[in-house]
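Participant: Need coordinates for the following:
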Amino acid sequence: MSVNVSTSGNAQIAPVESNPSDSFSPDTAVANYEALYESALQSIQQMLQQIFAEEGSRDASGVDSGVQTDSGMTAQSASGALASYMHENGIGALDPNQLYQMAYNPKAGTPSEVSDAAKFMLENPDTFNQIETHDVAGSDGIAGVNDFDWAAQGGLSSALNTGDAASMNDAADFGSMGDSSGDTTAPMDAQSASGAIAACMHEQGMWTVDPNKLYQMAYRPSAGTTAQDSAAAKFMLANPDTFNQIETHDVAGADGIAGANDFDWAAQGGLNNSNHNG
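Facilitator: Here you go, the predicted model:
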């Protein structure tokens, strides 16, 4: 719209010429659509990248074989360290007891990386279970040097990618018996796990347990072992520092043997009292 003002004070208003191109421009609409499309596409790509990053390294049993511990270990690097050490020292197989000794009471000359690798296996019992059962079904808790060689060469990832998981399914079946995330078991902490193990030991006449026994309770429980007992045993395996504190609270030296009285002490709040006093 245009306005003409004359010196006589009369204002003349010219009619507005409507131009359809002023109210709608196909080029502008396309540009706006393309910008919106690019923004949405970038958001979707970022979301997918995050999902793949979180899930890409997760193996068939739900164990994240790519996660690093405080020591920087992964399932593959820990397996490589153990396999190399076993070859160098003529060790044919390892069980949870030996892993515990290597982690908490290593003999002279044991590299710190090997101790870290042993502790990684203790803290990730599902990973150790997959390694020791990948070629032979049944959770006996004994992993040969060839098993660690297999894992060190990417066997865990290959089994996931190829779908070759017959023995790993067997491991998952046993592992589910001790899974504290099931509907039949309550969430575990150090005190409740100690109470469950202490009760089981008293009921079954067990004076002591060691990592090997805990592994059997978690992955191949005997008759009479409840799901709660298996979950408690698995908690102790996955928290070796807690087990170490329980088994050494009255007698110095990490021999890996915890008595029923040790678990009684922890079930009654001994760990909390010890931490407060310390």
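Participant: quick one, what contacts the closest residue to Gly144 other than its chain neighbours?
Facilitator: Among residues not flanking Gly144 along the chain, Ala93 sits closest, at 4.7 Å (Cβ to Cβ, 6 or more residues apart in numbering). Yep, even glycine has a C-beta here, placed from its N, CA and C like the rest. Contacts for Ala93 were tallied using Cβ atoms under 8 Å, 6 or more residues apart in numbering; they are 142-145.
Participant: Of those, which is the most crowded?
Facilitator: Scoring these on neighbours with other Cβ atoms under 10 Å, the highest-scoring entry is Ala143 at 28 neighbours.
Participant: What's opposite it in the beta bridge?
Facilitator: Ala143 forms beta bridges with Leu94, as assigned by DSSP bridges.
Participant: Now for it: which residues touch it?
Facilitator: 93-95, 128, 131-132.
Participant: tell me which helix or strand of the protein sits lowest on mean pLDDT?
Facilitator: helix 166-177 (a mean of 41; mean pLDDT, DSSP states H and E).
Participant: after that helix, next one along is what?
Facilitator: helix 190-204 (DSSP states H and E).
Participant: other SSEs contacting that next one?
Facilitator: Applying 3 or more Cβ pairs under 8 Å, 6 or more residues apart in numbering; DSSP states H and E, one finds that helix 190-204 contacts helix 227-238, helix 260-267, helix 270-277.
Participant: Among the ones you listed, show me which one is buried the most.
Facilitator: helix 227-238 (a mean of 25; mean count of other Cβ atoms under 10 Å).
Participant: and that one, C-alpha only, in CSV?
Facilitator: In CSV, the C-alpha atoms belonging to helix 227-238 read as follows (Å, rounded to 0.1, in the frame of the first residue of the first chain):
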residue,chain,number,x,y,z
ALA,A,227,17.6,-69.0,43.7
GLN,A,228,18.3,-66.6,46.4
ASP,A,229,21.4,-68.6,47.5
SER,A,230,22.6,-68.7,43.9
ALA,A,231,22.1,-64.9,43.5
ALA,A,232,24.0,-64.3,46.8
ALA,A,233,26.9,-66.5,45.6
LYS,A,234,27.0,-64.6,42.3
PHE,A,235,27.0,-61.3,44.2
MET,A,236,30.1,-62.4,46.1
LEU,A,237,31.9,-63.6,42.9
ALA,A,238,31.1,-60.2,41.2
